[in-house]
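> Next input, structure requested:
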Amino acid sequence: MRRNLYLGAVFLLLAILGTGSFLLNRRTAQAAGVMAPRFEVNPLWPKPLPNHWIMGQTIGVSVDAQDHIWIIHRAGSLEPGELHATTSPPTAQCCAAAPPILEFDEEGNLLRHWGGPADGYDWPLSNHGITIDYKGNVWIGGNGRGQPPGSGRGGRGGGELDERQVSGAQGYFNDSMILKFTQDGKFLMQIGKPGQSKGSNDVENLRLPAKTFIDKEANEVYVADGYGNHRVIVYDAETGKYKRHWGAYGHKPDDANPGRYNPDDPPPQQFRNPVHCAELSVDRLLYVCDRVNDRIQVFHPDGTFVKETFVEKRTLGSGSAWDIAFSKDPQQKYIYLA
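Residues are numbered from 1 along each chain as shown. Below is the predicted model:
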């Protein structure tokens, strides 16, 4: 792909020098004078959408084997004043929400568009994360809490939750699932059921999962789980069969409320919410974003803890370790950190 970024396709990723293990040893590389790539934003990407469509919050980006860029967005984040074409009668020609999943080529041309609620699966209340696997399948998650059916809101509502709302929280969590589709939007599989999560040691349901990674070698899907749970969980990517899960340092996850993050405390022994990414490198190390704890933890695929590094440890609020991506060269020379 070009070094122009496409509509925040790496979410303002910051270049961090080195190989997969460099993130944990960056001072050495800096001392050696290694320089990271620089990127330029292309403000004209993508090209205007058809049908007076516009996008809401872009909450996931993935690049497939053809260098096509896949985006998932939240139509529900658009304001009524942006959607005049959807009123009855329309009050203006513009605009309407685009379908939630959009595929673009490198030039920004829209190739495919689909998604949303339908029979046969449970679409998330609040989309979160998109991954295109090595077979070309599309995986999504969600972090909409919602309300129980019959509660007066029809089981709808709830967007992204902050740490105060989620950490150790009890109650109803609608988006307890991930979904798998073909690139044409044909439904293939759902893992988990809405509102059914029993917490971080429930292996049948998720709880507000943030992101997935599919391992080609083992055909397994790693789930960063998430905004409601405190773990990484792994399933067979073909059958959905549960494989294993773990929390921080490889411990059994604990849903006790850890309280507010304090950078002067000893390193937390559990992940805080959200566990925001789980990315496997070519050297078979899994990097996990413990966002509010301002750290990346690294594991072997079986959940054995390897090491951790803190990223701007005194960051409060929503935390500093949001997402990582590896460069596309065979050695994955660079890690990009958001």
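> Please, where are all the helices along the stretch 1-150 of the chain?
26-31 (DSSP state H, counting those that start in this stretch).
> Flag the shaky bits of it, pLDDT-wise.
Applying pLDDT under 70 to the stretch 1-150 of the chain flags residues 1-34, 147-150.
> Let's see that with 80 instead.
1-36, 147-150 (pLDDT under 80).
> can you pull up the bridge partners for Glu308?
Gln297 (DSSP bridges).
> so Tyr249, which of the three states?
helix (DSSP: H, G, I helix; E, B strand; the rest coil).
> And for it, the neighbour number?
Residues within reach of Tyr249, counting by other Cβ atoms under 10 Å, total 16. Bear in mind the C-beta positions are built from the backbone N, C-alpha and C, glycine included.
> Quick check, it in contact with Gln297.
Yes - if you go by Cβ atoms under 8 Å, Tyr249 and Gln297 touch, sitting 7.3 Å apart.
> Which neighbours do those two have in common?
Residues touching both Tyr249 and Gln297 (Cβ atoms under 8 Å, 6 or more residues apart in numbering): Phe305.
> Am I right that Val221 sits in a strand?
Yes - Val221: assigned to a strand according to three-state DSSP.
> Number of residues surrounding the closest residue in space to Gly129 that isn't next to it in sequence?
Closest residue to Gly129 apart from its sequence neighbours, by Cβ to Cβ, 6 or more residues apart in numbering: Lys211 at 3.9 Å. The tally of other residues near Lys211 (other Cβ under 10 Å) stands at 27.
> cool, the one 4 residues further on as well?
Neighbourhood size, Asp215 [other Cβ under 10 Å]: 17.
> quick one: Glu106 from Gly199, how far?
Relative to Gly199, Glu106 is positioned 43 Å away (Cβ to Cβ, to the nearest Å).
> Kindly apply the preceding question to Tyr242 instead.
Taken as Cβ to Cβ, the span from Tyr242 to Gly199 is 15 Å.
> Just give the number of residues close to Asp254.
Neighbours around Asp254, by other Cβ under 10 Å: 18.
> try Gly240
16.
> Then Val298?
18.
> per-residue pLDDT, the residue lying closest to Thr304 once chain neighbours are set aside?
Taking Cβ to Cβ, 6+ apart, and ignoring the residues beside it in sequence, Thr304 has Gly250 as its nearest neighbour in space, at 5.8 Å. Among the per-residue scores, Gly250 shows a pLDDT of 98.
> Then the one 3 residues further on?
pLDDT recorded at Pro253 is 97.
> So it sits against Asn201, correct?
Yes - at 6.4 Å, Pro253 counts as touching Asn201 under the criterion of Cβ under 8 Å.
> Please identify which of the two sits among more neighbours.
Pro253 (20 against 15).
> ok now do the more buried one, which residues does it touch?
Here Pro253 is in contact with 200-201, 229-231, 245-247, 270-271 (Cβ under 8 Å, 6+ apart).
> Save the residues you listed as JSON lines, and put in pLDDT, secondary structure and distance to Ile59 too.
Listed next are those as JSON lines, based on pLDDT from 0 to 100; DSSP: H, G, I helix; E, B strand; the rest coil; distance: Cβ to Cβ, whole Å:
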{"residue": "Ser200", "pLDDT": "97", "secondary structure": "coil", "distance to Ile59": "23"}
{"residue": "Asn201", "pLDDT": "97", "secondary structure": "coil", "distance to Ile59": "27"}
{"residue": "Asn229", "pLDDT": "96", "secondary structure": "coil", "distance to Ile59": "19"}
{"residue": "His230", "pLDDT": "97", "secondary structure": "coil", "distance to Ile59": "21"}
{"residue": "Arg231", "pLDDT": "98", "secondary structure": "strand", "distance to Ile59": "21"}
{"residue": "His245", "pLDDT": "99", "secondary structure": "strand", "distance to Ile59": "24"}
{"residue": "Trp246", "pLDDT": "99", "secondary structure": "strand", "distance to Ile59": "26"}
{"residue": "Gly247", "pLDDT": "98", "secondary structure": "coil", "distance to Ile59": "25"}
{"residue": "Gln270", "pLDDT": "96", "secondary structure": "coil", "distance to Ile59": "25"}
{"residue": "Phe271", "pLDDT": "97", "secondary structure": "coil", "distance to Ile59": "20"}
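> can you put those residues in a markdown table and add distance to Leu316?
A markdown table is the format used below for the contacts of Pro253 (distance: Cβ to Cβ, whole Å):
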| residue | distance to Leu316 |
| --- | --- |
| Ser200 | 24 |
| Asn201 | 29 |
| Asn229 | 22 |
| His230 | 19 |
| Arg231 | 23 |
| His245 | 28 |
| Trp246 | 26 |
| Gly247 | 22 |
| Gln270 | 18 |
| Phe271 | 17 |
